[in-house]
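Participant: Attaching a predicted model along with its sequence, questions to come.
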Protein chains: 2
Amino acid sequence: MTVAARRARDVGTWHDEADVVVVGFGAAGASAAYEAATAGADTVVLERAGAPGGAAAMSDGFIYLGGGTPEQQAAGYDDSVENMRTFLTAACGPEPDLEKIAAYCERSLEHRDWLLARGVRFLGTVFPHANGTSPVDGEGLMFTGGENAYPYDELATPAPRGHVVQDGKPGGAVLMRLLAEAAEQAGARPILDTRAERLVVDDEGLVVGLIASRYGDEFAVRARTGVVLTAGGFINSPEMVAQYAPGVRVTALRLGTDGDDGRGIRMAAALGARVKRMDAIECALPFNAPRSLVHGIIVNRHGQRFVNEDTYMGRVGQTSLVHQGGEAYLIVDEEHYAPNWLGIHASWVCETPAELETEIGLPVGSLVGTVAYFNEHAERGDDPLFHKRAPVLTPLRGPLAALDLRASTFIYAPFTLGGLDTTVEGAVRDLDGEPIPGLFAAGRTTSGVAAQGYCSGLSLGDSTLFGRFAGRSAAGVKP
Amino acid sequence: MTVAARRARDVGTWHDEADVVVVGFGAAGASAAYEAATAGADTVVLERAGAPGGAAAMSDGFIYLGGGTPEQQAAGYDDSVENMRTFLTAACGPEPDLEKIAAYCERSLEHRDWLLARGVRFLGTVFPHANGTSPVDGEGLMFTGGENAYPYDELATPAPRGHVVQDGKPGGAVLMRLLAEAAEQAGARPILDTRAERLVVDDEGLVVGLIASRYGDEFAVRARTGVVLTAGGFINSPEMVAQYAPGVRVTALRLGTDGDDGRGIRMAAALGARVKRMDAIECALPFNAPRSLVHGIIVNRHGQRFVNEDTYMGRVGQTSLVHQGGEAYLIVDEEHYAPNWLGIHASWVCETPAELETEIGLPVGSLVGTVAYFNEHAERGDDPLFHKRAPVLTPLRGPLAALDLRASTFIYAPFTLGGLDTTVEGAVRDLDGEPIPGLFAAGRTTSGVAAQGYCSGLSLGDSTLFGRFAGRSAAGVKP
């Protein structure tokens, strides 16, 4: 089925009509629909699945918030808008979207209030098994971006910003129940089991609706003021992954729903929308719980370390996937070994690094040298190469275990960060950088706050905040 | 100036008209124009500069040819279409374009004949200072892709395929003189100092011409059968580089002309053309002549090796830029040190690795360990980590010199490999993967044979071969 836009004059029958037509009932779509409806716009939300939720409902429910939230204060952490911005500018690059980061930080406290008003509840207790793995004892706050690890701890004051949605697991499902209810109570009409296929434009290039598929039939929906694309990313389009982000090919898993097939991006690009950073991939690699495992070192297929193991586990995963071909091993000593909380045990256990490198199949002498160098400096409390910090910086002693962190076997959960180039207000830019009239987008259909680097909670965070903006823009009111 | 397509009915005056309109008079454009004109099409070539040439005319004039050329045979090398294809499939990935590689290899001998018929001359003598640096004594053939280095030497029979255009320097200027003359003699009309700005489409979406700018005035050219975009890449668009390939930001140099501003790509994308692999960057790093320097090791900012130093220098450059942030140092011993042929001397000279790592500012003990490990195995003729080969695999002895191979100081010459998604025949694909009627492209405006990996000579090679195909397709004849 083509993604090419159809001319309005070629649409025979409009099957429905609204001021604002939102595509996708995930976090961004629900937020957009709520705001559009609240602004007085007659609003429909098309969802290809049989219920709202999207990828957001599958997530742990981290929302990246800061600038001094009550939860941060309760946990004893100082934060400010400026501190948060300094961190995100460093962590979301290279070439971060400075305008989106600025808006994201400036609106963070207000956005938290908006979420609370929708029934979301957060907690000011910190989960210590950082960085990025889901809390297990109901804690509400967590470091989710390496804020307390090198180099970020030297650039900005570390503060945890991953706020976990409370009152159920996964938190993302709770969030989506609340946001979908809010959108419907505000008057947005969901149209489920309906997949958007193509945009409709008038002769002047104004987007005036879309063609969807509903139970196998064509379903044309007119949009009087705007269409909002919040249709997810493209991690589940093998063709698009091969074309834009081939590094993902080695992972056994993909993080997303069937709807993350990139159709929202392609529909807009077919109309001349500009796409951005389509190679950017985030990749969770939940190796780091229990926390004791972070005492270990992670090596590549050459037996070399390549990252500070105590940083955000998504940064470890991204680095491994993008720069090491997804080939990594965690080497940890007996004292700190425990099975990974996901139930994964060591694949190898040996008395010495020499035996271990042979068992794993690493180059002869490589792990021996890496461990000797690491231990020599760890004994003095130094990690000259990657700056892992105390207390998890300890020499490797006695028998060693190795977890197989290869993408073909371990849990790498990649999803795409690239997509439509949008303004802060949610307008979709064309190849000149100008807004395409009538077309808006948010969430992983767009390149968002995380241009390339990532923190857990940024996707729910920018989907909901910029979803709100896009919904208001589509309704014709200022975000 | 917008890149948005204009409707044909909104074009007041057509200032010129032809069957085939070629945009850009570089290697791809000249080849396309020659073939279109030879096929009987009335052909014009628009060039924004005052003379033909493009980036091709600045190049050393390597053309990647193989499958058993007379030059390869004269030099004593066996090659076959299948052997060449095996190599390129491994070297041009991940996710290489298998159809383009197949056509490229199958047509290589024929394409060499075509080049000879245009007056190009090659030589069957091999330049020993491989891999990828320009010959100095008039040699005609060279390894330009790591064919004789790990891992490729284990996958395919090594054969040199970089054929250097003879009879003048740079070879690319000789090539362009010959190809431009051929195009003009075939009847193609150049229109110089004329920059294509936007495409023109009729109401059915057929590309029927373009709008150019000529001495500040609008210049509309009608195309009766097709437009061929051969307008170069986007290395000289800071905005596009930031959006698609931000890793380039650290290099002091960019390889291309002012015309490599991505406008050809954007004009087509504005019409709904699909772009592909926009993050892919090749980067020459001419550190490896004289050949004795390859006895050295290259380390990153952690003092770790990351590549076999004896592979194609463009692969070293790409790896350094993409995976090491462009931070690298070449460490070589006194016996093998000589100033780089580009006139660059060692930045540091020390008696020991310990002193050298301090001088450079590498982490304490890092270079000491790397050199010790390398030496231990090199003495036995092994390089367990990266498989550098004899005779350049020798232990580092005595005083050591270091060349500063950082992108901020050394010569990194990056150019873009991403662009329009085209068929082998040169049709530009839309977001559905279907040809956009009337629109063709070749050269660095497209994603070509080198989807990501690269060999010197592939760009002149695929520009000329697929330029030919695109020209014939635009003229309405089979490639």
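Facilitator: That came through fine. Numbering: from 1, shown residues only, chains lettered A, B, ... in the order given.
Participant: Could you list the residues of the stretch 51-200 of chain A in contact with chain B?
Facilitator: For the stretch 51-200 of chain A, the residues in contact with chain B under the definition Cβ under 8 Å from any Cβ of the partner chain are A:93-95. (Each C-beta comes from the backbone N, C-alpha and C, glycine too.)
Participant: How many residues are close by the nearest residue to A:Q73 once chain neighbours are set aside?
Facilitator: Distance criterion Cβ to Cβ, 6 or more residues apart in numbering or on different chains; nearest residue to A:Q73, sequence neighbours excluded, is A:G124 at 7.2 Å. When counting by other Cβ atoms under 10 Å in any protein chain shown, one arrives at 18 neighbours for A:G124.
Participant: separation between A:G124 and chain B?
Facilitator: If you measure A:G124 against chain B using Cβ to the nearest Cβ, to the nearest Å, the figure is 37 Å.
Participant: In this model A:G68 seems to touch that residue, though I could be wrong.
Facilitator: No - in this structure, A:G124 sits apart from A:G68 without contact. The criterion is Cβ atoms under 8 Å, and the distance is 12.0 Å.
Participant: where are the low-confidence patches of the stretch 351-479 of chain A?
Facilitator: With pLDDT under 70 as the threshold, the stretch 351-479 of chain A has no low-confidence stretch at all.
Participant: Next, the buried residues of the longest strand along chain A.
Facilitator: Longest strand of chain A, by residue count under DSSP state E: strand A:217-229. Using 16 or more other Cβ atoms under 10 Å in any protein chain shown as the burial criterion, the residues of strand A:217-229 that qualify are A:219-223, A:225-229.
Participant: Which members of the residues of the stretch 51-200 of chain A next to chain B are classed as buried?
Facilitator: Applying the neighbour count, that is 16+ other Cβ under 10 Å, the buried entries in those are A:93-95.
Participant: and which of the residues of the stretch 51-200 of chain A next to chain B is nearest A:V21?
Facilitator: Checking these against A:V21 by Cβ to Cβ gives A:E95 as the nearest, at 32.2 Å.
Participant: mind checking pLDDT for the residue nearest to the closest one when sequence neighbours are not counted?
Facilitator: The spatially closest residue to A:E95, leaving aside those adjacent along the chain, is B:P246, at 3.9 Å (Cβ to Cβ, 6+ apart). In the prediction, the pLDDT value recorded for B:P246 is 93.
Participant: and what of the one 10 residues further on?
Facilitator: Looking at B:G256, its pLDDT is 93.
Participant: With the one 5 residues further on instead?
Facilitator: As predicted, B:D261 sits at a pLDDT of 97.
Participant: Any figure for the gap between it and A:E95?
Facilitator: If you measure B:D261 against A:E95 using Cβ to Cβ, to the nearest Å, the figure is 18 Å.
Participant: Farthest-apart pair in the buried residues of strand A:217-229, please.
Facilitator: A:F219 and A:T225 (19.6 Å).
Participant: Closest one of the buried residues of strand A:217-229 to chain B?
Facilitator: Using Cβ to the nearest Cβ, the shortest approach to chain B within the buried residues of strand A:217-229 belongs to A:L229, at 13.8 Å.
Participant: re earlier: the residue nearest to A:Q73 belongs to a helix, doesn't it?
Facilitator: No - assignment of A:G124 by DSSP: H, G, I helix; E, B strand; the rest coil gives coil, placing it outside any helix.
Participant: Which residues of the stretch 351-479 of chain A lie near chain B?
Facilitator: A:363-366, A:369, A:372-373, A:376-377, A:384-386, A:421, A:430-432, A:434, A:452.
Participant: A:D113: neighbouring residues, count only.
Facilitator: Using other Cβ under 10 Å, the number of residues around A:D113 comes to 12.
Participant: helix, strand or coil for it?
Facilitator: Applying three-state DSSP to A:D113 yields a three-state assignment of helix.
Participant: any idea how far chain B is from it?
Facilitator: Separation of A:D113 from chain B (Cβ to the nearest Cβ) stands at 34 Å.
Participant: Break chain A down into its structural domains.
Facilitator: As assigned by automatic domain parsing, chain A contains the domains A:1-281+A:415-479, A:286-404.
Participant: For B:N340, find the nearest of the ones you listed.
Facilitator: When the domains of chain A are compared for distance to B:N340 using Cβ to Cβ, the nearest one is domain A:286-404, at 26.7 Å.
Participant: end-to-end on the closest one?
Facilitator: Taking Cα to Cα, to the nearest Å, domain A:286-404 runs 12 Å from one end to the other.
Participant: A:A427: neighbouring residues, count only.
Facilitator: Taking other Cβ under 10 Å as the criterion, the count of residues near A:A427 is 23.
Participant: who does it bridge with?
Facilitator: A:A427 has these beta-bridge partners by DSSP bridges: A:F440.
Participant: ok, it - contacts?
Facilitator: Shown here is A:A427, whose contacts under the criterion Cβ atoms under 8 Å, 6 or more residues apart in numbering or on different chains are A:435-436, A:439-440, A:473.
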